[in-house]
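1. need a structure here:
(chains A and B)
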Protein chains: 2
Amino acid sequence: MAVYTEVSDEALEAFLAEYEIGGLLSCKGIAEGVENSNFMLHTDGGSFILTLYEKRVHAEDLPFFLGLMNHLAAKGLKCPVPIKRKDGEFLGALAGRPAAIISFLEGMSVHRPQAKHCRELGAAMARFHLAGQDFPLTRANSLSVDQWRPLYLSCEGRADEVQKGLARDIEAELDALEKIWPQNLPRGVIHADAFPDNVFFIHDELSGLIDFYFACTDAFAYDLAICLNAWCFEKDGAFNATKARALFQAYQQVRPLTDAELKALPLLARGSALRFLLTRLYDWLNQPPGALVKPKDPRDYWKRLRFHRDVKSAAAYGIDE
Amino acid sequence: MAVYTEVSDEALEAFLAEYEIGGLLSCKGIAEGVENSNFMLHTDGGSFILTLYEKRVHAEDLPFFLGLMNHLAAKGLKCPVPIKRKDGEFLGALAGRPAAIISFLEGMSVHRPQAKHCRELGAAMARFHLAGQDFPLTRANSLSVDQWRPLYLSCEGRADEVQKGLARDIEAELDALEKIWPQNLPRGVIHADAFPDNVFFIHDELSGLIDFYFACTDAFAYDLAICLNAWCFEKDGAFNATKARALFQAYQQVRPLTDAELKALPLLARGSALRFLLTRLYDWLNQPPGALVKPKDPRDYWKRLRFHRDVKSAAAYGIDE
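-> Below you'll find the model as predicted:
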């Protein structure tokens, strides 16, 4: 539930006076989201999202995120667009937080993705990767292979509290992946968090990508590996090759993967599984007292990790080689 | 924060198929409200609120509430309108809850009401009372004088945990009010919860009343007494006679108060203060463990109660007699 900061009428009116989006008609706090405070605004100019960036987002990264959304929208990609203030900036301040107004993107996330949704996703990811190629800013991936061990160490050896054997397995995985993590793959801006929550559909047609607050500069194929884990496994942990095939086929129709990317996929998928396993493990072990939101079970991603460890080639993902 | 019930895509689509409001474009849980789960819907037909009635609302009261909103809107009152389903009903079921779709009313509640807002409120309350006069359904006020003692007894003598002397004062007040509570005043449908949260403005002009889920059949002047307590006291407890004068003047320009109503006002205001004192006391003493919402301090209404006890006539509220 995501309204962490209360905004007074006066402060909101003063903030909106910096924009040319018409008079305020209504403002409702939105219950979704866990990182920021979000409000739905109606003005004479239409519907917008007002976002107050809470402390989990680093303020120095905001020009990258907002600039990226603006760049992508200008290239015709379906995504929310930050609204420029009268002073030409995307970012202002409200209630002591960095704050921005972003166009409202219609659409709903799909709770149970089917192959047709994975196909739409694949095409959108390829268009996203191409559209971002001439975006001038870069941002290091703060949750890539270098950061996994520090993240694990911050869990202070408590992984076996979740399940016996998890600690030893993570340590072995870190030792392996740090040595063989693929380098020199085609890279550019990746979304890095294209989970079903962040992909909107209207009547089974993709209406846009949202939430670019993990976007960074990294290997395109790693972004696809994240999608593979997030979209192509069933609730019981079973891998659905039909969905994976739909994802990769649609992607490759827009941006064909290189041989190096195809070869690296199983490893990238292992790494992506480990990345989400580690952040979920951290959140599981560090639940604030009285929190309403139950953290996600890290074991879901442990299962995926073991699946990918046994994969010999991209053919297992339904890709024709 | 008010989304207590998760709704699946499939269930929502099936529910919307019972309406003629066009295809679904988006659905966002709204963080405000404490009684029900509310979602903001955008469809091809416009903006709507989807409400799932949680257990604090009695299902048998819903035809009264929804019928009232429909009646008032037909009379030209500014308020949300329940949307009729294809079967002609206002009420359906979603995720195991009674559920309705209601037109979205633009506007913002005012956190710090000024006299001009009280004036708008006064006129709107009078129009509301007149518009409801030929509404055929009735509903007893379940939080009127008869229910105050049972509510107090359910607090099991713990009032002094809030402040020493409170228990004795409430008991004396119950004894007095039960004997002298005004009867036979002009009555009809009252809102019974017209706090600033439930009154919307756009640029200082009242855009509508919302949240009719405490509406009932009772004395019109008692509704005004509730407004008096909710709108005409400052945060520090000081009474603001300018605001009260604005409220009553505007009301009387639309519906003049009878002599009996004017005479009863101080007593009605005491009773209204006791009613909110008691519900706040109950909520204060019965906080669910881990609750995020801090209950309101019952002592604010104790102060108001003592203020009204010293009032000799309606002149103290700025009303010319």
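2. Name all residues that make contact with A:Lys55.
-> Applying Cβ atoms under 8 Å, 6 or more residues apart in numbering or on different chains to A:Lys55 gives no contacts. Every residue, glycine included, has its C-beta placed from N, CA and C.
3. tell me which element it is part of?
-> Here A:Lys55 is covered by no helix or strand, with elements defined by DSSP states H and E.
4. Same check on the one 10 residues further on?
-> Under the assignment given by DSSP H and E, the secondary-structure element containing A:Phe65 is helix A:62-74.
5. C-terminal to that helix, what's the next element?
-> Once the chain leaves helix A:62-74, the next helix or strand it forms, by DSSP H and E, is strand A:92-94.
6. which of the residues in the helix or strand that that next one is followed by are buried?
-> Sequence order places strand A:97-103 as the next helix or strand after strand A:92-94, per DSSP H and E. For strand A:97-103, burial by neighbour count (16 or more other Cβ atoms under 10 Å in any protein chain shown) applies to A:Arg97, A:Pro98, A:Ala99, A:Ala100, A:Ile101, A:Ile102, A:Ser103.
7. who does the following helix or strand past strand A:97-103 touch, helix- and strand-wise?
-> Going down the chain from strand A:97-103, the next helix or strand is strand A:108-109, by DSSP H and E. Secondary-structure packing of strand A:108-109 (3 or more Cβ pairs under 8 Å, 6 or more residues apart in numbering or on different chains; DSSP states H and E): strand A:199-202, strand B:24-29.
8. Which of the ones you listed has the lowest mean pLDDT?
-> The stretch with the lowest mean pLDDT among the helices and strands packed on strand A:108-109 is strand B:24-29, at a mean of 93.
9. Direction included, what does that strand pair against?
-> strand B:37-43 (antiparallel) (DSSP bridges).
10. follow-up on the earlier one: thinking in terms of the whole chain, how far from its middle is the helix holding A:Phe65?
-> Put simply, helix A:62-74 sits 15 Å off its chain's centre (Cα atoms, centre = their mean, to the nearest Å).
11. Show the contacting residues for A:Asn240.
-> A:Ala115, A:Cys232, A:Phe233, A:Glu234.
12. Could you find the closest non-adjacent residue to the residue in the stretch 51-200 of chain A that chain B sits nearest to?
-> Going by Cβ to the nearest Cβ, chain B is nearest to A:Glu106 of the stretch 51-200 of chain A, at 4.0 Å. Of all residues not flanking A:Glu106 in the chain, B:Leu25 sits nearest, at 4.0 Å (Cβ to Cβ, 6 or more residues apart in numbering or on different chains).
13. For the residue nearest the centre of chain A, give its distance to A:Leu143.
-> The centre of chain A sits closest to A:Asp193, judged by Cα atoms, centre = their mean, with a distance of 1.6 Å. From A:Asp193 across to A:Leu143, the span is 9 Å (Cβ to Cβ, to the nearest Å).
14. tell me, what's touching these two both at once?
-> Joint contacts of A:Asp193 and A:Leu143 (Cβ under 8 Å, 6+ apart) are A:Phe214.
15. Settle this for me: A:Tyr222 is touching A:Gly271, isn't it.
-> Yes. Counting by Cβ atoms under 8 Å, A:Tyr222 does reach A:Gly271; the two are 7.2 Å apart.
16. any chance you could map the helices in the stretch 151-300 of chain A?
-> Under the criterion DSSP state H, counting those that start in this stretch, helices of the stretch 151-300 of chain A are mapped to A:166-180, A:220-231, A:241-254, A:259-285, A:299-309.
17. Off-centre distance for the fourth one?
-> Taking the mean C-alpha point of helix A:259-285 and that of its whole chain, the gap between them comes to 14 Å (Cα atoms, centre = their mean).
18. mind listing what A:Cys227 touches?
-> A:Cys118, A:Leu121, A:Gly122, A:Met125, A:Ala194, A:Leu247.
19. mind putting these in TSV, neighbour count and pLDDT included?
-> Shown next, in TSV, are these (neighbours: other Cβ atoms under 10 Å in any protein chain shown; pLDDT from 0 to 100):
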residue	neighbour count	pLDDT
A:Cys118	26	98
A:Leu121	28	98
A:Gly122	27	98
A:Met125	25	98
A:Ala194	25	98
A:Leu247	28	98
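20. want to throw those residues into a markdown table with distance to A:Glu161?
-> Formatted as a markdown table, the contacts of A:Cys227 follow (distance: Cβ to Cβ, whole Å):
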| residue | distance to A:Glu161 |
| --- | --- |
| A:Cys118 | 34 |
| A:Leu121 | 35 |
| A:Gly122 | 37 |
| A:Met125 | 36 |
| A:Ala194 | 30 |
| A:Leu247 | 34 |
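21. so can I have JSON lines of the residues you listed showing distance to chain B?
-> Putting these into JSON lines (distance: Cβ to the nearest Cβ, whole Å) gives the following:
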{"residue": "A:Cys118", "distance to chain B": "16"}
{"residue": "A:Leu121", "distance to chain B": "16"}
{"residue": "A:Gly122", "distance to chain B": "21"}
{"residue": "A:Met125", "distance to chain B": "22"}
{"residue": "A:Ala194", "distance to chain B": "18"}
{"residue": "A:Leu247", "distance to chain B": "20"}
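22. Am I right that A:Ser47 falls within a helix?
-> No. Assignment of A:Ser47 by DSSP: H, G, I helix; E, B strand; the rest coil gives strand, placing it outside any helix.
23. Isn't it up against A:Met40?
-> Yes. A:Ser47 lies in contact with A:Met40 (Cβ under 8 Å); the separation is 6.9 Å.
24. low-scoring stretches of chain A, by residue?
-> For chain A, the stretches flagged by pLDDT under 70 are A:1-3, A:33-34, A:290-293, A:321.
25. Can you pull the domain assignment for it?
-> Annotated domains of chain A cover A:9-103, A:115-317 [automatic domain parsing].
26. Out of the ones you listed, the one nearest B:Ala172 is which?
-> The closest of the domains of chain A to B:Ala172 is domain A:115-317. By Cβ to Cβ, the value is 38.3 Å.
27. That'll do, ta.
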